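S.K.: Take this sequence and fold it.
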Amino acid sequence: MKEKGKQKYALVTGGSRGIGRAICIQLAKDSEYRILINYYSNETAAKETLKAVHDAGGQGELLPFNVTDAANVKSALDSWQETNAGAIIEVIVNNAGITQDGMFMWMKAEDWSKVIDTSLHGFFNVTNHLIQKLLVNKYGRIVNMVSVSGLKGTPGQTNYSAAKGAVIGATKALAQEVAKRNVTVNAVAPGFIATDMTQNLDEKELKKMIPANRFGTAQEVAHLVSFLASEKSGYITGDVININGGIYS
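M.R.: A predicted model of the protein is given here:
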């Protein structure tokens with residue numbers, strides 16, 4: 001069971017926009033967690049998310065760091081912990097991710113590395129630094145945001161598919177290591193979701209491929225993540241849950 005009497009937090013990486021923002025707001029509505037909104041460069045958007053968290057009746061704060069930089073992650077989280085002695089980060093949502101799409105034969109090395117660094121190394125840097133305390137406290141929820149691309153592969157996204165596929169493998173392995181300590185590790189795999197990341201896609205054409213005949217919303221994804229971040233989901237671990245309108249299942 002969760003430890004009583006200490007201030008509890010949920011950390012959402014890449015929480016300033018899109019699905020990350022929706023998750024921050026939904027966790028504020030559904031839980032008593034204070035929300036740690038991580039961002040790297042877009043402080044204006046992060047502040048808008050924080051206002052939305054407050055408007056939803058929740059509490060939160062901004063926690064800027066670059067998930068790809070292990071030293072920066074460690075420094076930011078250690079400094080936060082020193083300032084918030086006794087506080088516990090019980091929920092980790094590894095949401096930070098970028099795309100650098102292009103056909104593999106023309107893909108630049110930096111476009112490969114940036115995408116892998118953000119999704120895969122970002123997962124490692126944040127989760128590895130925090131997991132010991134989850135295990136000591138014998139409670140935690142880790143939710144990794146992946147993608148339909150990591151399950152079936154998407155042409156033009158070999159880098160993104162590789163990154164998300166790797167996180168899926170890590171999710172399944174880590175879940176088995178920590179389950180006895182009441183720490184769950186799951187992945188959420190969205191399909192086409194209407195956000196900034198998909199705004200340049202041809203929605204009218206693409207939705208013909210989707211049995212539900214529409215793109216999903218960030219709020220729909222956030223409801224699923226909020227459930228996996230709650231005590232109610234304690235017997236679900238090592239799983240990858242699709243939320244894609246039936247496009248791949």
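
S.K.: CA atoms for contacts and neighbours, from now on please.
M.R.: Will do.

S.K.: pLDDT wise, what is residue 13 at?
M.R.: With respect to pLDDT, residue 13 scores 98.

S.K.: That one and residue 64, how far apart?
M.R.: Residue 13 sits 9 Å away from residue 64, going by C-alpha to C-alpha, to the nearest Å.

S.K.: what sits in contact with each of these two?
M.R.: 37, 38, 39 (C-alpha atoms under 8 Å, 6 or more residues apart in numbering).

S.K.: and the longest helix for the chain?
M.R.: helix 158-178 (DSSP state H).

S.K.: Go ahead and name everything in contact with that helix.
M.R.: Residues contacting helix 158-178 (C-alpha under 8 Å, 6+ apart): 98-101, 103-104, 111-112, 115-116, 119-120, 123, 135, 144, 146-147, 149-151, 153-154, 183-187, 237-240.

S.K.: filter the residues you listed to the buried ones?
M.R.: By neighbour count, with 16 or more other C-alpha atoms under 10 Å, the contacts of helix 158-178 hold 98-101, 111-112, 115-116, 119-120, 123, 135, 144, 146-147, 149-151, 153, 183-187, 237-240 as buried.

S.K.: Point out where the protein drops to low pLDDT.
M.R.: Applying pLDDT under 70 to the chain flags the ranges 1-5, 197-201, 248-249.

S.K.: can you rerun that using 90?
M.R.: Confidence mapping of the chain against pLDDT under 90 gives the ranges 1-6, 86, 154, 194-209, 247-249.

S.K.: Identify the residue nearest the geometric centre of it.
M.R.: By C-alpha atoms, centre = their mean, the chain has its centre lying nearest to residue 95, at 2.3 Å.

S.K.: any idea how far it is from residue 14?
M.R.: Applying C-alpha to C-alpha, the value for residue 95 to residue 14 is 6 Å.

S.K.: can you list residues touching both of those two?
M.R.: Common neighbours of residue 95 and residue 14, using C-alpha under 8 Å, 6+ apart, are residue 20.

S.K.: show me where the protein has strands.
M.R.: Per DSSP state E, the chain carries strands over the ranges 8-12, 34-39, 60-64, 88-94, 140-145, 183-190, 240-243.
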